[in-house]
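> fold the following.
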Amino acid sequence: MSEVAENIQRAEDRPLVIDCRALTRIYKQGPVELTIFSDISLAVGAGETVAIVGSSGAGKTTLLNLLGGLDKPSGGHIEICGVDIHGLNEKGRARFRNRQLGFVYQFHHLLPEFTALENVMMPGALGGLSMAEAKEKSRLILDKVRLGKRLNHKPGELSGGERQRVAIARALVNEPECVLMDEPTGNLDEHTGREVQGLIESLRDELGTAFVVVTHDMGMARRLGRVLHLEEGQLFEDR
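I've put the predicted structure just below:
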């Protein structure tokens, strides 16, 4: 059995959140075609944490963008929670992302003029919750990330680790099945990065949320769970 097949088999012991088959992404630059990766497969089960590592330019962020419906594959099939996301129109994909997926990036992308609470409320408000419902859900998730006493602080009044915790709370507020993270600790010092890692693990265990984490930190990747390498256009499991 191949390494990728073993990866899929293990994930299928749980209900699948992500199921990608024969995924290919090719960019065209004039007459030249640049293959980022070709014919890769990935399965992630509910409540599972998968870390993806690889050299700079290997295509890790491209893969996350495909999983999140922010980019389209050149070939292959992606199902998120049983839905072919690239079979949806643009409005449908945006609605699906809001309800089923969360996103966390290396830089938190919080709106500086709004408080922590207001930043976290936005996905719920955009998803159709009343302001009262969005506020209550945001208070609860900020409590879970240990920021219950910092609700009314703006990003500029928070530490780097606190800002990233606000970003994680924002990603989780609509109770998504999966959170996609692109270098979530890459802009943090080692101690704060370890705190964020511990937070990911505790939220996974408490909420049953799946996490797909792109990271350059091999130590963190191995502590989080399954580790997949993306190199030279292929995805294979760490041994």
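> count of residues packed around the nearest residue to Glu183 once chain neighbours are set aside?
Distance criterion C-beta to C-beta, 6 or more residues apart in numbering; nearest residue to Glu183, sequence neighbours excluded, is Gln106 at 3.9 Å. (Each C-beta comes from the backbone N, C-alpha and C, glycine too.) Using other C-beta atoms under 10 Å, Gln106 has 18 other residues around it.
> and the longest helix that the chain contains, which residues are buried?
The longest helix of the chain (DSSP state H) is helix 190-207. Of the residues in helix 190-207, 192-197, 199-200, 203-204 count as buried by neighbour count, 16 or more other C-beta atoms under 10 Å.
> other residues contacting it?
47-49, 144-146, 159-161, 164-165, 168, 172, 175, 181, 184-185, 188, 209-211, 213, 217, 220, 223-224 (C-beta atoms under 8 Å, 6 or more residues apart in numbering).
> kindly report the same for stretch 88-96.
Stretch 88-96 has contacts (C-beta under 8 Å, 6+ apart) with 69, 80, 83, 85-86, 127.
> measure how far that stretch is from the centre of its chain, please.
With C-alpha atoms, centre = their mean, to the nearest Å as the basis, stretch 88-96 stands 18 Å off its chain's centre.
> for it, which residues meet the burial criterion?
In stretch 88-96, counting by 16+ other C-beta under 10 Å, buried: 93, 96.
> again with stretch 232-239
Buried, per 16+ other C-beta under 10 Å, within stretch 232-239: Leu235.
> how about stretch 54-69?
Taking 16+ other C-beta under 10 Å as the criterion, stretch 54-69 shows 54, 58-69 as buried.
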